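Asker: What follows is a predicted structure for the sequence shown.
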Amino acid sequence: MKKFIFGTLIILLAALFVNIINSEADNINLATPTISCWPYCDTYPTNTITSIPIPTDVVQKFVFLPMIFKSIPPTPTPTATNTSTPTKTRTLIPTATNVPTQIPILTKTPTPTNVPVPTSTNTPMSTISPFGVQILSNHSYYIDSIGYLHIIGEVQNNTSNYLRFIQITVNLFDINNILVDTDFTYIFLDSLPPYTKACFHNLMSPPPMWSHYQFENPTYYIDGQPLPNLAVLNVSSSSDYFGGYKIIGQVRNDQGSRVEYVSPLITVYNNAGIVSGCDFTFVNSTHLDPNQISSFTDTFSNVNYSDVSSYHIQVDGNIK
């Protein structure tokens with residue numbers, strides 16, 4: 001398109017120039033040359049050409065044609081670009097993280113109002129461990145007001161070892177002795193001294209078709225340590241506002257060093273010696289320095305005060 005416009009402009013300028021020249025030529029008067037015969041006209045004449053005068057009234061005009069230049073842009077020289085060389089990057093390889101072994105954490109079990117449930121006639125007695133650790137036969141159970149099953153009892157250590165992490169497994173069966181659920185718990189003491197016993201409390205949501213439960217042989221470690229030297233003082237019991245069993249007392253640190261998270265473990269028995277309550281709490285100060293005394297209190301709302309004949313208190317804690 002640019003070339004077409006440029007050519008048309010050149011043609012128009014040339015035509016304009018020719019018209020100007022022709023118009024000026026028309027204004028010039030040329031004289032006719034005079035031929036003279038001398039001495040005779042029939043002889044070959046000598047042509048004498050009279051000079052043609054140049055008119056003085058001719059105006060000289062100059063026409064300037066525009067010069068059009070087409071600028072051709074220079075060919076761009078490519079500029080060298082620095083191409084970054086990719087740098088090797090280190091890919092971090094995730095390292096395996098050691099998952100710590102789960103250690104049971106003692107949690108205080110809620111004790112809602114006891115809802116009487118008829119005892120199954122085919123509930124087996126406790127299983128005696130062949131290794132000298134047995135679940136005593138004074139275990140019992142109840143279902144609370146929100147439908148949870150509570151199974152409570154005691155474990156006897158008949159060995160000379162301090163036993164640690166004593167685990168009690170409970171299996172639930174239906175009336176056809178088909179296993180329908182299973183669960184486990186631990187005693188509330190970190191370590192059970194030789195020839196002593198401690199209570200356990202298992203809480204679970206049972207399936208509706210369950211009929212009775214059985215215990216497996218307890219499992220444990222034999223690398224336990226003696227309990228801290230903590231004395232129980234001024235223990236008394238009473239009935240709470242709702243008729244439950246309430247117990248209060250004090251604990252003194254006779255260990256000679258600081259003991260942290262001091263927790264009394266309380267076992268409650270009915271007139272038949274059956275375990276009717278198992279729970280733990282903490283002293284009000286949580287920790288005890290040497291010779292320090294702190295009080296505690298605990299309430300068994302599922303146990304009627306009039307049904308309790310005795311109790312057993314053991315105290316545990318972390319020696320520092």
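Answerer: Arrived safely, thanks for sending.

Asker: Contacts only, for residue 174.
Answerer: The contact partners of residue 174, by CB atoms under 8 Å, 6 or more residues apart in numbering, come to 180, 209, 210, 211. No exception for glycine: its C-beta is placed from N, CA and C like everyone else's.

Asker: need the helices for the chain, in chain order.
Answerer: All helices of the chain, identified by DSSP state H, fall at 2-26.

Asker: which secondary element of it has the worst mean pLDDT?
Answerer: When the helices and strands of the chain are scored by mean pLDDT, DSSP states H and E, strand 114-115 comes last with a mean of 43.

Asker: Return the set of residues that bridge with residue 140.
Answerer: On the basis of DSSP bridges, residue 140 is bridged to residue 152.

Asker: neighbours of it, just the number please.
Answerer: Residue 140 has 17 neighbours, counted by other CB atoms under 10 Å.

Asker: Next, the contact list for it, please.
Answerer: Taking CB under 8 Å, 6+ apart as the test, what residue 140 contacts is 151, 152, 153, 274, 275, 276.

Asker: Can you select the buried ones among the residues you listed for me in ChimeraX?
Answerer: Buried members of the contacts of residue 140, identified by 16 or more other CB atoms under 10 Å, are gathered into one ChimeraX selection as follows:
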select :151,152,153,274,275,276
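
Asker: Between the contacts of residue 140, which sits nearest residue 132?
Answerer: residue 153 (17.3 Å; CB to CB).

Asker: neighbours around the closest residue to that closest one other than its chain neighbours, how many?
Answerer: Among residues not flanking residue 153 along the chain, residue 139 sits closest, at 2.8 Å (CB to CB, 6 or more residues apart in numbering). Residue 139: 24 surrounding residues under other CB under 10 Å.

Asker: and residue 139, what does it touch?
Answerer: 126, 151, 152, 153, 154, 215, 274, 275 are the contacts of residue 139 under CB under 8 Å, 6+ apart.

Asker: re the thing from before, ranking the contacts of residue 174 by neighbours, who comes first?
Answerer: Within the contacts of residue 174, most neighbours by other CB under 10 Å means residue 210, with 19 neighbours.
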